[in-house]
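Visitor: next one to model:
(2 chains)
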Amino acid sequence: MTTPDELLSLHGLHVAIAGRDLVRGVDLSVRRGRITALVGESGSGKSLTAMSTIGLQPSGAVVTGSALLEREELVGRPAAQLRRVRAARVGTVFQEPGQSLSPVMKVSAVFKDVLAVREELRGAKRVSARTRELLTSVGLPDPDRTAASYPHELSGGELQRVVIALALAGNPDLLIADEPTTALDVTVQRGILDLLRRIVDEREVGVLLITHDMGVVGEIADEVVVLRDGLVQESGPVREVLSAPESPYTQELLSAVPRLAETLQRGMADGAAHGRAVADGAADGGGAADGSAADGGASSGTSPDGAGELVVRVEGLRVEYRRRGGSHLALDDVSMQVRRGEIHGLVGESGSGKSTWGKALAGLVPFEAPVMELDGVDPRTLGRAARREAFSHVGLVFQNPASSLNPRRTVGWSVGEPLLLAGEKDRVATQRRVKEALELVRLPGSYVSRLPHELSGGQRQRV
Amino acid sequence: MKPALLRVGRSLGVLLVVLTLTYAIFYLAPIDPALAMCGKPCSPEDLEAARGFMGFDKPWFVQLGSFLSAIVLGCTYGSGDVVLACAAPCLGYSFQLHQGVTTLIGQRFPVSFSVALGAVALQSLLGIASGAIAARRQGGLLDRIVTGVSVIAASAPAFVVGLLAVVVFALKLGWLPSGGYVPFLENPAQWAWHLVLPWATLAFLNGAIYARLVRSSMIEQLGLDYARTARAAGLTERTIDRYALRNLALPLVTLVALDIGALLGGTVITERIFGLAGLGALLLDATSTADLPVIVGTTFIGSLLIVLANLAADLSRPLLDRRLAAGGGRRARTADEPAPDTP
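Guide: So this is what the prediction gives:
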């Protein structure tokens, strides 16, 4: 099984935390110039597998089995030696580029420390030359500006490139990429994936790519290992696994990948208006930052049978964020109608104003609009209490389920509070409606007494 | 720099409010400052004359106004042949001590300054170091010692700790002088030697807050993504500690500034225990003899120092965290808030 170009090979890697076996005997190998994808849903143990390999398992974790980096055993090595292995041979890229760098340090300061350890490079001139070289190599057009920036001054895509450049310092043999594109916009993802592929081809490094996205796997990986509950379900070359998955779990994962063409076809065949995603032209508010008017209002997808009462009707919606030293026009002249029972997709890049639109509807940001009706009533014409009541009919689901709930309150409290605010007085009725709401999103009613951290990400989003 | 100007303006406003409240003591306190000066026996005419001389016969807002103008322009008490001049910056005149309040404060300030400087240096050093060590050994013996000691220190009254220190280290063991002050210019070594106990006492009491803040924030920082990225890149734990502490600079600077401001204004209990003639002792003496001009003057200086320290901390915030500068006073987004532009 061992081939000459095999870089990393795990044999029966086992990780237990507090007596619970979270990774149960994983075998996988990464070859030079190849990308091995480790796939699985959240909680399957994929990140833990990768982190344990390089000695970054959480404290208290017991790692057994074998992890060979070119015949060099990593399991059981003391922390100081593992640190040296990481510095010399492994580069790591994580999921959240926005949080991967210390917020109070310039990019150049991080490079100074990293280059000192990974390349034993010292002296301001040499360090800045090498920093420039690395930043250029990951496709950053203005490396000097990037190096002189603080993390908050860079976009997610730029930051992820910076993190990749840091990982490439010291010319590592192995690159571990833990969900490197998950937190990024689709358009930015593309560029990062291309960059990873290019790095692999040019530098002959091996990549262990951790992802839950089968689409990403199909695009750039060479080999794939499917993990579930710490057990390998299936492994092999990407083409084989994706085209003829043996394990039912892999089949399930693959069917979870939304296929645009298929969905559209199905939608046409059904001809049903309900549950259909209508891709509206999104307002391009990105260019509005410099004051130019955003073009193209989002037009309503008309329902074929015209049924369903109008829930939302907005015309010429305009939102401007004012702050000291200038204002930012987030939405300009956007119109939309939503009928009961319809799902509308509002599509656009980050910064295009999608969220602002939603917040305006929920009354969370001040807005101007000639026409704005919720259930046929303009909330602005109502009094204070009635206005809040009208806005409370708009329910929002945000991106990050982990931070959308109050960590110290039970699920039941979080779901029930809006009901109380909306004027529901009867406690028993509130409790009944909370349970109904939970069952509607397919969570057991007993979850009312759970705290957010006791739920998985998926369950939290259902809440 | 509009926000900076706004902050300066706000600080001046706070000062004015504090001063007005302190000045109200003159009217609310059941003391007549003129009575002490009047002499015995005190005839009503003499009392009136004394009041007129001291300026206490005017309405309160006139007095507050002349107090303020005296700071800038100086003032004179009385008229005719008996005139007392108080040069700017005049903070009033103590008719009991027969000295200008400014002069009194000027005499006492070096003592309070010496105490404050050493105490703040010692307490931040000890507090930050022990907090960082405790965070690194979370749950270990050292951590438990630091946490335990800091609970005691944070809840112990200053006079107990101070008196214990005097009894043990000065009287029983005889290692250190029990009190007194030697001017720095006279003998720097003796200056420091006499201040070791007050410094240590204050550092013990205040350092506990630093230790607890640093411990909990360090634990939080070391668990953040940037620390993991640094670790994965092979940086040493020492470098990662440095990153974490750098991220704590903001709350720490605020805390240090407040402590400097508070200590410069004098420490009543510590100065009394160690026989130091600082601003705190001046205030205490003035309170017991009802020397109102001195009370108002020292309170004013004390609040001025706190306001100035606060202002300095506020103005340095954008330098320590560039996110605060970028937002033009708007709070920077913290790690777990969703970005405003994502769906």
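
Visitor: and the residue of the stretch 101-250 of chain B nearest chain A?
Guide: Nearest residue of the stretch 101-250 of chain B to chain A: B:G234, at 2.5 Å (CB to the nearest CB). To be clear about C-beta, it is placed using only N, CA and C from the backbone, and glycine gets the same treatment.

Visitor: check contacts around that residue.
Guide: A:R83, A:R84, A:V85, A:R86, A:A87, A:A88, A:V90, A:V117, A:R118, A:G170 (CB atoms under 8 Å, 6 or more residues apart in numbering or on different chains).

Visitor: show me where chain B dips below the pLDDT cut-off.
Guide: Applying pLDDT under 70 to chain B flags residues B:1-2, B:25-27, B:29-31, B:33, B:36-40, B:78-82, B:325-343.

Visitor: which parts of it are strands?
Guide: In chain B, the strands defined using DSSP state E lie at B:75-77, B:84-86, B:93-94, B:99-100.

Visitor: and these: which comes nearest chain A?
Guide: Using CB to the nearest CB, the nearest of the strands of chain B to chain A is strand B:75-77, at 41.3 Å.

Visitor: buried set for the closest one?
Guide: Neighbour counts over strand B:75-77 (16 or more other CB atoms under 10 Å in any protein chain shown) mark B:C75, B:Y77 as buried.

Visitor: by contact count, what packs against it?
Guide: On a contact count with 3 or more CB pairs under 8 Å, 6 or more residues apart in numbering or on different chains; DSSP states H and E, strand B:75-77 meets strand B:84-86.

Visitor: neighbouring contacts of the strand it packs on?
Guide: B:A70, B:G74, B:C75, B:T76, B:Y77, B:G78, B:G92, B:Y93, B:G100, B:T102.

Visitor: relative to A:R239, which of these is nearest.
Guide: Taking CB to CB as the measure, A:R239 sits nearest to B:T102 out of those, at 87.6 Å.

Visitor: roughly how far does the closest one sit from A:E373?
Guide: 69 Å (CB to CB, to the nearest Å).

Visitor: about what we covered before: separate out the buried members of the contacts of B:G234.
Guide: A:R83, A:V85, A:R86, A:A87, A:A88, A:V90, A:V117, A:R118, A:G170.

Visitor: where does pLDDT dip in chain A?
Guide: A:1-4, A:256-308, A:321-330, A:340-359, A:361-365, A:384, A:387-409, A:418-427, A:442-463.

Visitor: ok, now which ones touch the closest residue to B:V161 other than its chain neighbours?
Guide: Distances taken as CB to CB, 6 or more residues apart in numbering or on different chains place B:T201 nearest to B:V161, at 5.5 Å, with adjacent residues excluded. For B:T201, the contacting residues are B:A158, B:V161, B:G162, B:A165, B:T270, B:I273, B:F274, by CB under 8 Å, 6+ apart.

Visitor: ok, 10 Å please
Guide: B:T201 is in contact with B:115, B:119, B:158-159, B:161-166, B:169, B:267, B:269-270, B:273-274, counting by CB atoms under 10 Å, 6 or more residues apart in numbering or on different chains.

Visitor: need the phi and psi values for B:P183.
Guide: When quoted as degrees, to the nearest 10, the phi and psi of B:P183 stand at phi -60, psi 140.

Visitor: A:V224 now?
Guide: Torsion angles, degrees, to the nearest 10, at A:V224: phi -140, psi 140.

Visitor: between the strands of chain B, which gets nearest to B:I145?
Guide: Ranking the strands of chain B by distance to B:I145, with CB to CB as the measure, places strand B:93-94 first at 48.0 Å.

Visitor: so where do the helices sit in the stretch 51-200 of chain A?
Guide: A:79-89, A:107-118, A:124-137, A:143-147, A:156-168, A:186-203 (DSSP state H, counting those that start in this stretch).

Visitor: what's the fourth one packed up against?
Guide: In terms of contact count using 3 or more CB pairs under 10 Å, 6 or more residues apart in numbering or on different chains; DSSP states H and E, helix A:143-147 is assigned the packing partners helix A:107-118, helix A:124-137, helix A:156-168.
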